[in-house]
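[1] After the sequence you'll find the predicted model.
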Amino acid sequence: MVLTLLVSSSEFVQGSLSSRPCRSRRSSHHLGVGQVSRWWYVLISLSLLHRGEAINPGPPVGAKIRSGKLKTWSMGTFNPSGLGGKHQVISSYLNDCNLWAVTETHLTSQGMRSFRQGLKWSDSKFDYCIGGQPVPLRSHSCASGHWNGVAIISKSPTRAVPIQWDHEVFASSRVQVAATLCEDMWITGGVLYGEPPGVGHPNARENTDMMALEMVSHLCQMSGLRYFAGDLNFEMGGLEVFRVLSDAGFKDIQEVAFEKWGQPIQPTCKQKTRKDFFFISRELIPFLAEVKVDATVWADHAVLQGFFTCGPTQLTRHHWRQPGVVEWPSTFSVEFSQSFHDEADPSAKYAKMWHEVESSGSVARVAAGQPPLRKQQCGRGATLTTKLVTRTFHLGPVKSGRPTDVQPLFAGLSQQHAHWFRQLRRIQSYMNFRKVHLTDTSTGHGVALWSSILRAKGFESNFAWWWNGRSSRVFGAPHNLPLFPPDWEVAKKIYDSFLIDVRRLEQQLKSQCTKHSREKRQELAHLIFKDIRKTAPDRVDVLLKTQHGQIVQVDDVSNSFLVTDTCKLSLQHPVFVGGGKVSVIHISNNQVWVTDVSGVQVKSARKCVKRFTLAKLKICSGHLARNGRSGGIVTATPR
């Protein structure tokens, strides 16, 4: 619109000026300059015009990441064929990643210490390096370890997850599970280095599957952002763990990139096979922004790296509010109000019923000397739908602790278990302190530690109230927790009693995970058949074939029309005239009787089309040979 006005205005001014007589050469020269300047206005206006974003979209996500316009964080995996002495390579060429899952490190206990010192001396941003079981030394070597070893290198705080590994699995130096606080989000994952098939490892497939399945079983007990990475030494589909990961919602980042953007899947081992994987859980899949496969850093294996765009404020979930557990009084009465009887809506009446039951139960608890119900324990029957809330995944796993500390038997994520296990370690620390110091020291450490025990989180009201009503007290344990720091004998009884409660809670959490898996199998019965089914043959390609014919005659009396002989019609296939399907009654010698011929006309452009499907089935030569046939492609008869 602006361009049209400018051109019209220019032509009007030019016409008005040219109608005047030219009085001098100077005025004519001035007129030429004015015409040129007006064309400059037109060119400037054209340069201001631009297409919309829908027609000309912005740069791809990868370009935005490289230009710094899109903030991301990344994780990846690689196999350096020995990590010793390669800290400078990681600091120089692999510094753009937040977390690396490394396989085949060859690091002994001394080698791990030297590698960590090398990262520190090279001013690397990778401040954390968590390794698995140290690799034993090779024969006739004082520094190099066997061809095993895994590690997790990170720029953010990282700690190993205390898992009760099978002794042979962890002693293989091929597994490790750790949790990382990356971008204010806890991310839990495991790294595995599979056994290479060959003479040295005759049972490579069975051993790799055993280690991988145990690691995945621990990861499936957890929730939140998770990953499973490493060099498995087997290609996709070669192990049972690939099916288990798929059922649990994990996907390799290369497959996700292929599904999202059509990015081709690249080999990762010697540029021929694909044996390095980085599986991510279903919570991370929507936030994958880019995948890079770099085969120029290491000699044998490529670097596999994924970039993510999510932050703690972008992770949401559908939350169904559930009230907390209530220890109801043994007997109490409930008097329902008149508003409850007058309520006609069943949902509202059910909510009012529970509201009055909770109110009466809270009054009965106070009368019995117990604390009233908290707000978190009320609200039964009031929740009618889910609510989309932001989930920051701040909850992290329990720390491993010192070798002399009590270790957890549950590796999943549970807020209650985290609070209770911290409390158990506080009591253990106080018990050890009292065993050495019969009286408190000048710093008041014993008094401060006992005060933190009484004020611990995760219990109804406080730990003292919980102890009086719900603890499993052993013989000799006090019925009421003392307000003043007790001696060692009393602290030992308190520790033994609370240890029973913690172990019971861990067993309940394990049973819930097992029950969830069992219920999933019962609800989805087809998964059972999926577990035991054999490898399916190639899919059947369904194609659509059409035959065209001209309508040469239309009979309005008998509601029929005649089609040329080039189109063989039958009642088994649909018939279309002019793009619309017609209802066929009978077909004989290309004469078609239909229910209505009002839209059928004899025209050169009018065509009668018959459509049917052809099934093209690929059959291998071995299968055909067993059935007495020759190899090739078999075309089924029309359906």
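    Done, it's in.

[2] Could I get the pLDDT score of G52?
    G52 carries a pLDDT value of 47.

[3] pLDDT below threshold where in the protein?
    Per-residue confidence of the chain (counting by pLDDT under 70) places the weak regions at 1-37, 46-70, 312-318, 390-396, 513-545, 566, 603-639.

[4] domains in it, as residue ranges please.
    2-48, 65-314, 321-385, 415-523, 541-635 (automatic domain parsing).

[5] Deepest-packed of those, please.
    A comparison of the domains of the chain by mean neighbour count, using mean count of other CB atoms under 10 Å, puts domain 65-314 on top with a mean of 19. C-beta: built from backbone N, CA, C; applies to glycine.

[6] K251 contacts E283, correct?
    No - assessed by CB atoms under 8 Å, K251 is found out of contact with E283, at 11.6 Å.

[7] which residues are in contact with both of these two?
    Counting by CB atoms under 8 Å, 6 or more residues apart in numbering, K251 and E283 have no common neighbour.

[8] Could you dump the domains of the chain into a markdown table with distance to D405 added?
    Shown next, in a markdown table, are the domains of the chain (distance: least, CB to CB, whole Å):
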| stretch | distance to D405 |
| --- | --- |
| domain 2-48 | 70 |
| domain 65-314 | 10 |
| domain 321-385 | 29 |
| domain 415-523 | 6 |
| domain 541-635 | 59 |
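
[9] For H586, which residues count as its bridge partners?
    W593 (DSSP bridges).

[10] List the contacts of it.
    H586 sits in contact with L571, V592, W593, where contact means CB under 8 Å, 6+ apart.

[11] Could you do K251 as well?
    Residues in contact with K251 (CB under 8 Å, 6+ apart) are F279, I280, R282, I285.

[12] Could you pull up the contacting residues of the residue nearest to the second one when sequence neighbours are not counted?
    This means I280. For I280, ignoring the flanking residues on the chain, the nearest one in space by CB to CB, 6 or more residues apart in numbering is Y227 at 5.2 Å. Contacts for Y227 (CB under 8 Å, 6+ apart) come out as M75, A101, I187, T188, G189, G190, F278, F279, I280, S281, L284.

[13] Quick check: the first one touching K292?
    Translated: M75. No - counting by CB under 8 Å, M75 sits too far from K292 to count as a contact (11.5 Å).

[14] between those two, what contacts are shared?
    Q305, G306.

[15] got the contact list for G446?
    Y430, F433, R434, H437, D440, P485.

[16] Out of the contacts of Y227, name the ones that lie in strands.
    Those of the contacts of Y227 mapping onto strands are M75, A101, I187, T188, G189, G190, F278, F279, I280, per DSSP state E.

[17] As JSON lines, those with distance to S223 would be great.
    JSON lines is the format used below for the ones in strands among the contacts of Y227 (distance: CB to CB, whole Å):
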{"residue": "M75", "distance to S223": "18"}
{"residue": "A101", "distance to S223": "20"}
{"residue": "I187", "distance to S223": "12"}
{"residue": "T188", "distance to S223": "9"}
{"residue": "G189", "distance to S223": "13"}
{"residue": "G190", "distance to S223": "15"}
{"residue": "F278", "distance to S223": "20"}
{"residue": "F279", "distance to S223": "16"}
{"residue": "I280", "distance to S223": "14"}
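
[18] out of the domains of the chain, nearest to P397?
    Checking those against P397 by CB to CB gives domain 65-314 as the closest, at 4.7 Å.

[19] and that closest one, how far from the chain's centre?
    Centroid separation for domain 65-314 versus its chain: 16 Å, with CA atoms, centre = their mean, to the nearest Å.

[20] which is the next helix or strand following the helix or strand hosting T546?
    Assigned by DSSP states H and E, T546 belongs to strand 541-555. Next in sequence after strand 541-555, counting helices and strands by DSSP H and E, comes strand 560-563.

[21] picking that back up, as a markdown table, the contacts of G446 with distance to Q263 and secondary structure would be great.
    Below are these laid out as a markdown table (distance: CB to CB, whole Å; DSSP: H, G, I helix; E, B strand; the rest coil):
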| residue | distance to Q263 | secondary structure |
| --- | --- | --- |
| Y430 | 56 | helix |
| F433 | 58 | helix |
| R434 | 62 | helix |
| H437 | 63 | coil |
| D440 | 64 | coil |
| P485 | 63 | coil |
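
[22] Closest one of those to F498?
    Distances from F498 to the contacts of G446, taken by CB to CB, are shortest for Y430, at 11.6 Å.

[23] What ranges does the stretch 51-200 of the chain have for its helices?
    Counting by DSSP state H, counting those that start in this stretch, the stretch 51-200 of the chain has helices at residues 61-67, 87-93, 109-121, 167-171.

[24] Quick check: V303 touching L94?
    Yes - here V303 reaches L94: they are 6.8 Å apart, a contact under CB under 8 Å.

[25] list the residues that contact both of those two?
    With CB under 8 Å, 6+ apart, V303 and L94 have common neighbours F78, V297.

[26] how about the strands in the stretch 51-200 of the chain?
    Remark: strands assigned in the stretch 51-200 of the chain by DSSP state E, counting those that start in this stretch are 73-78, 99-103, 128-131, 150-154, 158-160, 175-182, 185-193.

[27] Nearest approach to S347 belongs to which of those strands?
    strand 185-193 (37.0 Å).

[28] following that closest one, which helix or strand comes up?
    With DSSP H and E, the next secondary element past strand 185-193 is helix 204-221.

[29] can you give me the angle that following helix makes with strand 175-182?
    Counting by axes from the mean of the first three to the mean of the last three CA atoms, to 10 degrees, helix 204-221 lies at 40 degrees to strand 175-182.

[30] elements contacting helix 204-221?
    In this structure, helix 204-221 packs against helix 167-171, strand 175-182, strand 185-193, strand 225-231, helix 240-247, helix 488-523, with contacts taken as 3 or more CB pairs under 8 Å, 6 or more residues apart in numbering; DSSP states H and E.

[31] which one of those lies closest to W298?
    strand 225-231 (11.0 Å).

[32] Strands of the stretch 251-400 of the chain, start to end?
    Under DSSP E, counting those that start in this stretch, the stretch 251-400 of the chain gives strands at 251-252, 276-280, 288-294, 303-308, 316-319, 387-390.

[33] can you put those strands in a markdown table and add distance to L213?
    A markdown table is the format used below for the strands of the stretch 251-400 of the chain (distance: least, CB to CB, whole Å):
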| stretch | distance to L213 |
| --- | --- |
| strand 251-252 | 17 |
| strand 276-280 | 14 |
| strand 288-294 | 25 |
| strand 303-308 | 22 |
| strand 316-319 | 28 |
| strand 387-390 | 34 |
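
[34] Looking at those, which is nearest to S337?
    Going by CB to CB, the one of the strands of the stretch 251-400 of the chain nearest S337 is strand 387-390, 28.4 Å.

[35] ok now that closest one, how far from the chain's centre?
    That offset, for strand 387-390, works out to 18 Å (CA atoms, centre = their mean).

[36] let's have the chain start at 469 instead
    Happy to do that; since the first residue is 469 now, the last one works out to strand 855-858.
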